[in-house]
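Participant: Generate coordinates for the sequence data below:
(chains A, B, C and D)
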There are 2 protein chains.
Amino acid sequence: MERTGVEEPAKPLTAAGERILTAASTLFYEQGIRAVGVDAIAMAAEVTKKTLYDRFGSKDRLIAAYLDRRNRVWHAFLDEQLERRRPGGPEEVILAVFAALTDWLAESRRGCGFINASVELAAPDHPAMPVIVGQKQWLRAEFVAQARLAGFAEVEELADRLLLLHEGALVSFRVAAMEHAPEVAERAAADLLAGWPRG
Amino acid sequence: MERTGVEEPAKPLTAAGERILTAASTLFYEQGIRAVGVDAIAMAAEVTKKTLYDRFGSKDRLIAAYLDRRNRVWHAFLDEQLERRRPGGPEEVILAVFAALTDWLAESRRGCGFINASVELAAPDHPAMPVIVGQKQWLRAEFVAQARLAGFAEVEELADRLLLLHEGALVSFRVAAMEHAPEVAERAAADLLAGWPRG
DNA sequence: GACTGTAACCACACCGGTCGGTATACTGTC
DNA sequence: GACAGTATACCGACCGGTGTGGTTACAGTC
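Facilitator: Here you go, the predicted model:
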């Protein structure tokens, strides 16, 4: 699985910068991007605000760095999950993505950090929005690619439906208090693939 | 369709109270609950902040009133859509819900107000959370009821999958820039029903 | 080793603005 | 009087962000 769109950082973070990004990642996810101020992040990271601004420039750029980091963590997680589950073919790759969702949500009680951030940032032209939209479109494109490898017909429609199930599980898990949403999504995806026509 | 859980207001709103709730509903949805302050709402409603607090007591209670109002508007919308589409049986009722999603999202460019609010409110014990969770659980319960009427087997699993499609469309519409998400969900729901075993 | 320059960070103060909320005196209508 | 609303000022806290003087560790040069 290639992760086009995820670029390496311009340069490595200093120790303080790393602590800032780590603290911000935790607080942003757990409490909300707008609910946490830079004062709190600086305190949690045990740095001064001056250092935070020296390293990241602004809160918005720190937010973008957080989402970029999260995207990397998710890709690494997915890679590790695929390595571990050893899917035999493209269909099993797709289903492994859904199986991985259960593990991901076990450690992400507040649902999808990207979905949450897209709500909180509000403005469609926020610098971090491309990371968010890009992550979702990457997943859809991956479904298209695997569906094509598997020889299915109408791969675009199939990928769209798979994405709805994936995103639906992410949201329902949190908003509808549906703890078993990932498992439901996996079963639904498996049935969808089993009944989908070949091209 | 009954709308259990949606209670009548304790007493009717004054003209100013109505203007406040209307202004808040618009601003909260369009810009975000945390992004809009009470100053801006009072100004948009052409009242003083004092009046706002006299009528609603606090911002959190205004938020709860907004979501309660939105829930009513959505139920009224759904009723009107069902009246208009005249579904013949329970399966068509389910599909009418999905068909209505297209119209709903045509006027709700920022996606689902309940999902958005659940992110922004962050704290699970916020007074408005029961409205949010309740709306989602009401929809799931309605899917269960209609699936049962239609004589399907495993109605809980079916309802779960339908809910994932519905919520997935709401989210993907906005986060994944997927304009056709409601239509995809409707087709997927139709196929799901067509292939689901009877009990 | 002595010296210099640099990068990174600290402590602290400050900025103008916004936030949700409160208090006071007053007006108008029924 | 009861009710609803106005105009205005105020509160403490928080918001993202900036400025100043200082310290420390390290690398490079002589």
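Participant: low-scoring pLDDT stretches of chain A, where are they?
Facilitator: Within chain A, the stretches with pLDDT under 70 are A:1-11.
Participant: Any idea which residue of it lies closest to DNA strand D?
Facilitator: When scored by CB to the nearest atom of the strand, chain A has A:G37 as its residue closest to DNA strand D, at 2.8 Å. Bear in mind the C-beta positions are built from the backbone N, C-alpha and C, glycine included.
Participant: And for that residue, the neighbour number?
Facilitator: 12 (other CB atoms under 10 Å in any protein chain shown).
Participant: With adjacent residues omitted, what lies nearest to the residue in chain A that chain B sits nearest to?
Facilitator: At 2.9 Å from chain B, A:G168 is the closest residue in chain A, using CB to the nearest CB. Once flanking residues are discounted, A:G168 sits nearest to B:G168: 2.9 Å by CB to CB, 6 or more residues apart in numbering or on different chains.
Participant: Buried ones in the helix or strand where that neighbour lies, by neighbour count?
Facilitator: Assigned by DSSP states H and E, B:G168 belongs to helix B:155-175. For helix B:155-175, burial by neighbour count (16 or more other CB atoms under 10 Å in any protein chain shown) applies to B:155, B:157-175.
Participant: What's the biggest helix in chain A, counting residues?
Facilitator: Counting by DSSP state H, the longest helix found in chain A is helix A:59-85.
Participant: Check whether that helix comes near DNA strand C.
Facilitator: No - using CB under 7 Å from any atom of the strand, helix A:59-85 stays clear of DNA strand C, coming no nearer than 12.1 Å.
Participant: where's the helix or strand containing A:L105 relative to the chain centroid, distance-wise?
Facilitator: Secondary structure assignment for A:L105, by DSSP H and E: helix A:90-106. Mean-position distance between helix A:90-106 and its chain equals 13 Å (CA atoms, centre = their mean, to the nearest Å).
Participant: okay, the angle between it and helix A:155-175?
Facilitator: 20 degrees (axes from the mean of the first three to the mean of the last three CA atoms, to 10 degrees).
Participant: can you list the domain ranges for chain A.
Facilitator: A:10-57, A:66-195 (automatic domain parsing).
Participant: does A:P130 count as helix, strand or coil?
Facilitator: helix (DSSP: H, G, I helix; E, B strand; the rest coil).
Participant: how about it, what does it touch?
Facilitator: By CB atoms under 8 Å, 6 or more residues apart in numbering or on different chains, the contact set of A:P130 is empty.
Participant: burial measure for the closest residue to A:V175 other than its chain neighbours, as a count.
Facilitator: Counting by CB to CB, 6+ apart, A:V175 lies nearest to B:S118, which is 4.8 Å off, once chain neighbours are set aside. Applying other CB under 10 Å, we find 28 residues neighbouring B:S118.
Participant: Does B:S118 touch A:R174 like I think?
Facilitator: Yes - using CB atoms under 8 Å, B:S118 is in contact with A:R174, at 6.8 Å.
Participant: interface residues of chain A facing DNA strand C?
Facilitator: Of all the residues in chain A, those lying near DNA strand C are A:T14, A:A15, A:A16, A:G17, A:E46, A:V47, A:T48, A:K49, A:K50, A:T51, A:D54, A:R55, going by CB under 7 Å from any atom of the strand.
Participant: Narrow those to just the buried residues.
Facilitator: A:A16, A:G17, A:V47, A:T51, A:R55.
Participant: Spell out which residues of chain A are next to DNA strand D.
Facilitator: A:34-40, A:48-50, A:53, A:58-60.
Participant: Can I have the buried ones of these as a PyMOL selection?
Facilitator: Listed next is the PyMOL selection for buried residues among those, using 16+ other CB under 10 Å:
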select buried, chain A and resi 34+35+36+38+59
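Participant: Run through the residues of chain A next to DNA strand D and flag the ones next to chain B.
Facilitator: Among the residues of chain A next to DNA strand D, the residues within reach of chain B (CB under 8 Å from any CB of the partner chain) are A:R34, A:A35.
Participant: Which ones among the residues of chain A next to DNA strand D lie within helices?
Facilitator: Per DSSP H, the subset of those in helices is A:V38, A:D39, A:A40, A:K49, A:K50, A:Y53, A:K59, A:D60.
Participant: Disregarding residues adjacent in the polypeptide, which is nearest to the second one?
Facilitator: To tie it back to what came earlier, the one meant is A:D39. A:K49 (6.7 Å).
Participant: and if you look at A:E157?
Facilitator: B:V184 (7.1 Å).
Participant: one step back: could you list the buried residues of the helix holding A:L105?
Facilitator: For helix A:90-106, by 16+ other CB under 10 Å, it's A:90-102, A:104-105.
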